[in-house]
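Visitor: A structural model of the following input is requested.
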Amino acid sequence: MINIYTQISQGEAWIAKYRDRLPVFACVLGFTETGLIPGISAAGRTPEDRKYTACADAEFLYYGAEHQPQYPLPPLAAGASPVLISRAVVEALQTPIYLFNAGLPQPPAVPIIDLGGFPARCLSQGNAMELATVHHLLEQGLIWGSRLAANIQQGYLILGECVVGGTTTALAILTGLGIPAAGKVNSSHPVCNHGQKSALVQAGLEKIKARGLEANTDSLDPLQLVAAVGDPMQVVVAGMAIAASRSCGVLLAGGTQMLAVYALIQAIAQTYNLPWQPQEVVVGTTRWVAEDPTGGTVELALSLGNQDIIKAGETLGGEIPPLLGTQLSFTDSLYPQLQAYEQGFVKEGMGAGGAAIAAYLSLGWQQPQLLAAIEKQLERLSRFNNQ
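Guide: Have a look, this model is predicted:
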């Protein structure tokens, strides 16, 4: 049920260590105005829908199907929200759920920990967030990573995200860190809109250069890069992972967005001299992301080893994270909304891949049990909506 695409022996060791352990599930919600650009994302049919995607997903994750939501799940061009996968697993695990608002246009209607962030402006402006906000969010991430890890007895922390337009900010961070990511990130579209993403990223990075903060050089602080072209989730999850890795396992639950976070972890840890434990951190996603023919996820994960990490004046290669992928398939699903994943729609989000990995590790679920639990979520949602 789990394939290991990179760093196989490290991935196997991580799985062996945390098999049969219970995870804690945290999800960091953020927003970038990049997500409002027509055609940039399929996570909500219209730009207006996409303003509320994170709020809707958070409500469903927390309360489940039989709840009258303030923010209903938004209509998608095709498919169903990946939160159905996450909810099916956290319900079965009965694991604690921690939701964090890193910067949303409006607060979700769930118990949430507000980190005092703000939504990001469009990355093409090269001025997405205030630098002070980014420093504050890193600090919050470090604090909460330590707090969450303190509650985990020999288990692991799943860190999921919801940021509409987040694969574009991921491309910006990776590119700004000198990683050749163009053409390799994923999207919620069946065929990734690489040209549109790259044009926005180039526009944002050009603005940094114009202001004298040269991208791709040692002088660009990673937090300045996030402030210029990132989103509020990235630096929070990076801080959480750095702090939590010191005492428990960390599963970065997502695709190319979490590979960007991993690259950011390396850069922040180096720049600010923050200790972390790379062997405790893995990236976990879905097969639809890991094997997306219109992206290059595995290649991207491997290229993180070429990231310039400078220690004691010596340039070393970065760490390559173990990339795990759930082999969950919707080919045999009764529901066209789930079958749409096999056509390349949606793919990942709200920690869905990480949750599916946890279902296998912590519950021993195989494909039939996981598919049945996800379909049951969809059935309950349909019944509740048709009352």
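Visitor: what about Glu59, helix or strand, and which?
Guide: Element membership of Glu59, judged by DSSP states H and E, is helix 53-63.
Visitor: okay, Arg87 and Val163: tell me how far apart.
Guide: Distance, Arg87 to Val163, using CB to CB, to the nearest Å: 19 Å. Backbone N, C-alpha and C define where each C-beta goes, glycine included.
Visitor: same question for His67.
Guide: His67 is 23 Å from Val163, by CB to CB.
Visitor: higher neighbour count, these two?
Guide: Between His67 and Val163, counted using other CB atoms under 10 Å, Val163 has the larger neighbour count: 33 against 14.
Visitor: element containing the spatially closest residue to Gly255 that is not a sequence neighbour?
Guide: In space, and not counting its chain neighbours, Gly255 is closest to Val289: 3.6 Å by CB to CB, 6 or more residues apart in numbering. Using DSSP H and E, Val289 maps to helix 287-290.
Visitor: show me what that helix is packed against.
Guide: helix 297-303, strand 323-326 (3 or more CB pairs under 8 Å, 6 or more residues apart in numbering; DSSP states H and E).
Visitor: let me know which of those is the nearest to Gly117.
Guide: Ranking the helices and strands packed on helix 287-290 by proximity to Gly117 (CB to CB) places helix 297-303 first, at 26.2 Å.
Visitor: so which elements touch that closest one?
Guide: Helix 297-303 packs on helix 256-271, helix 287-290, strand 323-326, going by 3+ CB pairs under 8 Å, 6+ apart.
Visitor: which positions within the longest one qualify as buried?
Guide: Counting neighbours by 16 or more other CB atoms under 10 Å, one finds that the buried residues in helix 256-271 are 256-270.
Visitor: okay, stretch 237-255 in PDB with CA atoms only?
Guide: C-alpha atoms of stretch 237-255 as PDB (Å, rounded to 0.1, in the frame of the first residue of the first chain):
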ATOM      1  CA  VAL A 237       5.100  24.000   8.400                       C
ATOM      2  CA  ALA A 238       8.800  24.300   8.000                       C
ATOM      3  CA  GLY A 239       9.100  25.600  11.600                       C
ATOM      4  CA  MET A 240       6.800  22.900  12.900                       C
ATOM      5  CA  ALA A 241       8.800  20.200  11.200                       C
ATOM      6  CA  ILE A 242      12.200  21.500  12.300                       C
ATOM      7  CA  ALA A 243      11.100  21.600  16.000                       C
ATOM      8  CA  ALA A 244       9.000  18.300  16.000                       C
ATOM      9  CA  SER A 245      11.800  16.300  14.200                       C
ATOM     10  CA  ARG A 246      13.900  16.700  17.300                       C
ATOM     11  CA  SER A 247      11.700  14.400  19.300                       C
ATOM     12  CA  CYS A 248       9.300  12.500  17.000                       C
ATOM     13  CA  GLY A 249       8.600  11.400  13.400                       C
ATOM     14  CA  VAL A 250       7.300  13.900  10.900                       C
ATOM     15  CA  LEU A 251       5.200  13.100   7.800                       C
ATOM     16  CA  LEU A 252       5.000  16.100   5.500                       C
ATOM     17  CA  ALA A 253       1.700  15.200   4.000                       C
ATOM     18  CA  GLY A 254       1.500  16.600   0.500                       C
ATOM     19  CA  GLY A 255       3.200  16.600  -2.900                       C
END
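Visitor: quick one: mean pLDDT over that stretch.
Guide: In this model, stretch 237-255 has an average pLDDT of 98.
Visitor: same thing with stretch 327-341?
Guide: pLDDT averaged over stretch 327-341 gives 96.
Visitor: which residues are contacting it?
Guide: With CB atoms under 8 Å, 6 or more residues apart in numbering as the test, stretch 327-341 has contacts from 1-3, 78-80, 85, 286-288, 342, 346-347, 356, 367, 370-371, 374-375, 378.
Visitor: surely the residue nearest to Gly255 meets Gly295?
Guide: Yes. The pair Val289 / Gly295 is scored as a contact, 7.4 Å apart, by CB atoms under 8 Å.
Visitor: find residues that contact each of the two.
Guide: With CB under 8 Å, 6+ apart, Val289 and Gly295 have common neighbours 186, 256.
Visitor: which residue of those two possesses the greater neighbour count?
Guide: Val289 (28 against 25).
Visitor: report the contact partners of the more buried one.
Guide: Contacts of Val289 (CB under 8 Å, 6+ apart): 186, 255-256, 295, 297, 325, 347-348, 353.
Visitor: make CSV out of those residues and add distance to Ile179.
Guide: Output for these, formatted as CSV (distance: CB to CB, whole Å):
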residue, distance to Ile179
Asn186, 15
Gly255, 15
Thr256, 11
Gly295, 14
Thr297, 13
Gly325, 20
Lys347, 21
Glu348, 20
Gly353, 21
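Visitor: which neighbouring elements make contact with the helix or strand that comes right after the helix holding Glu59?
Guide: Following helix 53-63 in sequence order, the next helix or strand is helix 83-93 (DSSP H and E). Packed against helix 83-93 by the contact rule (3+ CB pairs under 8 Å, 6+ apart) you find strand 23-30, helix 53-63, helix 352-363, helix 367-385.
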